[in-house]
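Engineer: Take a look and give me a structure for this.
(2 chains)
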Amino acid sequence: MDKRLERILPRVQKPARYVGGEYNAVVKDKAQVDTRVAFCFPDTYEIGMSNLGMRILYGVMNNLDGVWCERVFAPWGDMEQEMREHHIPLWALESGDSVGEFDIVAFSVGYEMAYTALLNMLDLSGIPLRAEDRGTALKPLVIAGGTAMYNAEPLADFIDLACIGEGEEELPELIALYRRAKAEGWDKPRFLRAASQIEGIYVPSLYDVTYRDDGTVAAITAKDGAPEKVKKRIIQHMDGAYFPEKSIVPSTEIVHDRVTLELFRGCIRGCRFCQAGYVYRPVRCRSKDVLVGQGVRACEDSGYQEMTLSSLSTSDYPDLVDLCDGLEEYCAAHHVNLSLPSLRADNFSMALTERLSKGRKAGLTFAPEAGTQRLRDAINKNLTEEDLMESLRRAFSNGWNSVKLYFMLGLPTETDEDIIGIAEMANHVIHCWREHASNKARGVRITVSTSWFVPKPFTAFQWESQISRAEYERRVKLLREHMTARAVTYNWHDGDTSFLEAVLARGDRRLGRVLETAFRKGAHLDAWTDYFDLNRWLEAFDACGIDPAFYANRTRAKDEIFPWSMISCGVGDGYLWRERERCYATVTTPDCRTQCSGCGANQMVGLNTGCCSPRRGRRPISPTWTCCGPSSGCLSGRGWSSATPAASTPTR
Amino acid sequence: MSFVLPLSVGQSSSCELLDFETVEDLDAAAFPERLNPFLPEGVRILDCWAPVEPVREMKFLQADVTLEYDGGVPGGAAERITALLLGESVVVAKRNKKKQMVDTDIRPMIESVAAEKREGTVVLHVTVQSQNPGVNPALLAAAVERHLPDLKPDFVRVRRTALLDGNRQQFR
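Structural biologist: As a prediction, the model looks like this:
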């Protein structure tokens, strides 16, 4: 460690963020490695170390002989100030070496508000922000992956390439190519051209983007052999996918400090606002026996006494009860608490929650998202108020007395009636408690939280406008006026962050100048209210002559070319547009397990795996969509198909 | 499981005590070897034993408080610091039970101070009360800063070296 840091650490908050040395941190002999990767998370240690993707890819890369992957996190403001004052460059935790010395600087970017933190970390590393300013030398290679990289365009000027999709196989292939390039003396342009041939690798500099007079994208042209469409990379078989059974145990408190078992990827529900639900399709499950083994080994190695079962919708894991059965014996014997977040508000989930609560009744959290059945149907949430109330009846009868309800404001087709419906739902919850609570003396706490809807790429709402700031504030005020019950606490999300998120999420590469300008004005930890200042950004937009409303508050035409149109997440735009139309018609789409709706994602896996596979002998078909070719005989309209799996390739 | 007298952030120690109970019998002598491979870098278990004395019998702690002077130790520093800390009173701002910073005379809690001058540093070998009330050895450096501002060090390191009972023997 830099000697100067010894004197700085006692002066900063949470100094343990910066020292490394944790149990299971990987330390290799530098003389035995030829490629060093600085794995950077553009947020603080306690946020980054809670990220399962970070743990997975850290293990994947360190399992490669000759490669050493080390962790780097964004410093908090006080440490950053000390670093700049004392000219201490950003360092990796395992070795203490400066990030600027590394071959590959890899960022995990899950959220648009992390963009300026990414720039700040490059700057603190002494690495030129813009790719064009880093010359043609191979090193350093600046790459980024994560959910936000499905639209990497705002970062196009700063990164050399983006990894689209799941990195467990993609990253080792990219690193292997890098090692070859390094050994053979390639320059960066040659490397990038070769990298663009790896499935899932997007190289922004190999795409020219032109714009119309109205500011929309006119054309995206691939060059130098880069693919017209970069198809995301997925792991085909989850059972064989790497899981970090020997995970780093932080020496200080982090946000999620426990064993996290990843049950499956993807989501069958098709909620129209949810980017993760679409981009992580198709659904691929781990088998319960594999999960039990992983969970036990991870607890044995780490000593963690808390384990959580994680996915986008845990209730939908096919063998959830058996999995809990398999884990409960070990958990009970070793005092390990098993938790299941992301459960739906239905009877099955409540039964499971009760079983696992073991008398401890912490709060329950549900996400109805909308206040009326009409709007829930429009966004395809597929949750009835009766489902929710039945779950709450059961919960209150069994002693629970704290409920959190999450909603969004500004969803497409939303009316004042829908907003008032949120308050009415809260009142119904109170009424339910009064009728069914087993111990009314404890009182009830109901928290209603609303956020400002942000349209995201690769969703059915990617064409939508975010409602204006004034309209959002009007809706918040309307809801506040109707939220009169004393037992209800109402929290609403900060509008500044949501507005900027809406700009960046669907931004194009012209926003790169704005990003850099905002950074130079001091933007660096924008995901934190301590540091975020929208005015700084508005000044940056103004200085660059760009209207942020063009990105946030504009309805797109059906045939508009999106800045991210060179990327494919597996779900087709045709399907997403149909879902948008069904939203406006208030027509729901059943979940994938009930009926295939032909999103196209199953083309990424073999037909006998994933959500489109036969399940318990039934093969659902949709008579409405062209989910099967006409030659298959599927379009019988009779509900259940006798077609063979091989004939059921959906068309988009 | 609990740490007896938790260490302040930024300080080191060669005598930390972790009090714990197990659900099954343990070979205490073998415990360090079993656990050490799983500890973070820089943390090692030196010994393990069944407690002999109750925690309330832990009366004193010994520590080395190293005052670093980048420009060299000022003349007479060791003597002046010793005189200050063994004088009639030593008033520093100290957090009370209500978590308020109040001026407190910590002299009654200082058992002994021996200053050793080394290259660029003055090392104070101190024995102070550990609890009821206790004093953080770092406050001795704060006292130097307050009452001898010309001897304010550029950096202070604190390393605990022993925990003692009322007979000045190693607390067990």
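Engineer: contacts, neighbours, all on C-alpha from now
Structural biologist: Will do.
Engineer: Quick check: residues of chain B near chain A?
Structural biologist: Residues of chain B that fall close to chain A, judged by C-alpha under 8 Å from any C-alpha of the partner chain: B:9, B:10, B:38, B:39, B:40, B:41, B:42, B:155.
Engineer: just the buried members of those?
Structural biologist: By neighbour count, with 16 or more other C-alpha atoms under 10 Å in any protein chain shown, those hold B:10, B:38, B:39, B:40, B:41 as buried.
Engineer: Ramachandran coordinates for the nearest residue to the last one once chain neighbours are set aside?
Structural biologist: Of all residues beyond its chain neighbours, the one nearest residue B:41 is residue A:21 (4.7 Å), with distances taken as C-alpha to C-alpha, 6 or more residues apart in numbering or on different chains. In terms of degrees, to the nearest 10, the main-chain angles of residue A:21 are phi 80, psi 10.
Engineer: Does residue A:21 touch residue B:43 like I think?
Structural biologist: No. Taking contacts as C-alpha atoms under 8 Å, residue A:21 lies outside contact range of residue B:43: 9.6 Å.
Engineer: Among these two, which residue is more densely surrounded?
Structural biologist: Ranked by neighbour count (other C-alpha atoms under 10 Å in any protein chain shown), residue A:21 and residue B:43 place residue A:21 first, with 22 against 12.
Engineer: For the more buried one, give its distance to residue A:93.
Structural biologist: 8 Å (C-alpha to C-alpha, to the nearest Å).
Engineer: quick revisit: list the contacts for the residue nearest to residue B:41?
Structural biologist: A:93, A:94, B:40, B:41, B:42 (C-alpha atoms under 8 Å, 6 or more residues apart in numbering or on different chains).
Engineer: just residue A:392 next, same as before
Structural biologist: Applying C-alpha under 8 Å, 6+ apart to residue A:392 gives the contacts A:429, A:432, A:433.
Engineer: Equivalent analysis for residue A:227, please.
Structural biologist: Counting by C-alpha under 8 Å, 6+ apart, residue A:227 touches A:196, A:197.
Engineer: Next one, pLDDT for it please.
Structural biologist: On the pLDDT scale, residue A:227 is placed at 98.
Engineer: Check residue A:625 too.
Structural biologist: 26.
Engineer: Report the spatially closest residue to residue A:49, excluding sequence-adjacent ones.
Structural biologist: Once flanking residues are discounted, residue A:49 sits nearest to residue A:254: 6.9 Å by C-alpha to C-alpha, 6+ apart.
Engineer: Check the secondary structure at that neighbour for me.
Structural biologist: Following DSSP: H, G, I helix; E, B strand; the rest coil, residue A:254 is assigned to coil.
Engineer: Tell me the helix or strand right after the strand or helix carrying residue A:419.
Structural biologist: Here residue A:419 is covered by helix A:416-436, with elements defined by DSSP states H and E. Counting by DSSP H and E, the next helix or strand C-terminal to helix A:416-436 is strand A:445-452.
Engineer: hang on, residue A:198 packs against residue A:175?
Structural biologist: No. The pair residue A:198 and residue A:175 fails to qualify as a contact (C-alpha under 8 Å) at a distance of 11.1 Å.
Engineer: which residues in chain B form strands?
Structural biologist: Ranges of strands in chain B, per DSSP state E, are B:2-4, B:12-13, B:17-19, B:58-68, B:91-95, B:101-105, B:110-118, B:121-129, B:155-165.
Engineer: Make JSON lines from the ones you listed and add distance to residue A:405 and mean pLDDT to it.
Structural biologist: As requested, these are exported to JSON lines (distance: least, C-alpha to C-alpha, whole Å; pLDDT from 0 to 100):
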{"stretch": "strand B:2-4", "distance to residue A:405": "37", "mean pLDDT": "89"}
{"stretch": "strand B:12-13", "distance to residue A:405": "46", "mean pLDDT": "94"}
{"stretch": "strand B:17-19", "distance to residue A:405": "42", "mean pLDDT": "92"}
{"stretch": "strand B:58-68", "distance to residue A:405": "50", "mean pLDDT": "96"}
{"stretch": "strand B:91-95", "distance to residue A:405": "41", "mean pLDDT": "93"}
{"stretch": "strand B:101-105", "distance to residue A:405": "41", "mean pLDDT": "95"}
{"stretch": "strand B:110-118", "distance to residue A:405": "56", "mean pLDDT": "96"}
{"stretch": "strand B:121-129", "distance to residue A:405": "52", "mean pLDDT": "97"}
{"stretch": "strand B:155-165", "distance to residue A:405": "49", "mean pLDDT": "96"}
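Engineer: Let me know the outermost residue of chain B.
Structural biologist: Ranking residues of chain B by C-alpha distance from their mean position (C-alpha atoms, centre = their mean) puts residue B:24 at the top, at 33.2 Å.
Engineer: Provide a list of residues in contact with the closest residue to residue A:281 other than its chain neighbours.
Structural biologist: Leaving aside its chain neighbours, residue A:281 sits nearest to residue A:266 (4.3 Å; criterion: C-alpha to C-alpha, 6+ apart). Residues in contact with residue A:266 (C-alpha under 8 Å, 6+ apart) are A:276, A:277, A:278, A:279, A:280, A:281, A:282, A:283, A:284, A:312.
Engineer: and if you look at residue A:526?
Structural biologist: Shown in contact with residue A:526 (C-alpha under 8 Å, 6+ apart): A:113, A:114, A:116, A:117, A:532, A:533.
Engineer: Regarding it, what is its secondary structure?
Structural biologist: coil.
Engineer: coming back round to it: check the average confidence over the helix holding residue A:419, would you?
Structural biologist: Here helix A:416-436 scores 95 as its mean pLDDT.
Engineer: Please name every helix or strand in contact with it.
Structural biologist: Applying 3 or more C-alpha pairs under 8 Å, 6 or more residues apart in numbering or on different chains; DSSP states H and E, one finds that helix A:416-436 contacts helix A:385-397, strand A:445-452, helix A:469-482.
Engineer: Format the ones you listed as CSV; extra columns: mean pLDDT.
Structural biologist: Output for the helices and strands packed on helix A:416-436, formatted as CSV (pLDDT from 0 to 100):
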stretch, mean pLDDT
helix A:385-397, 89
strand A:445-452, 95
helix A:469-482, 96
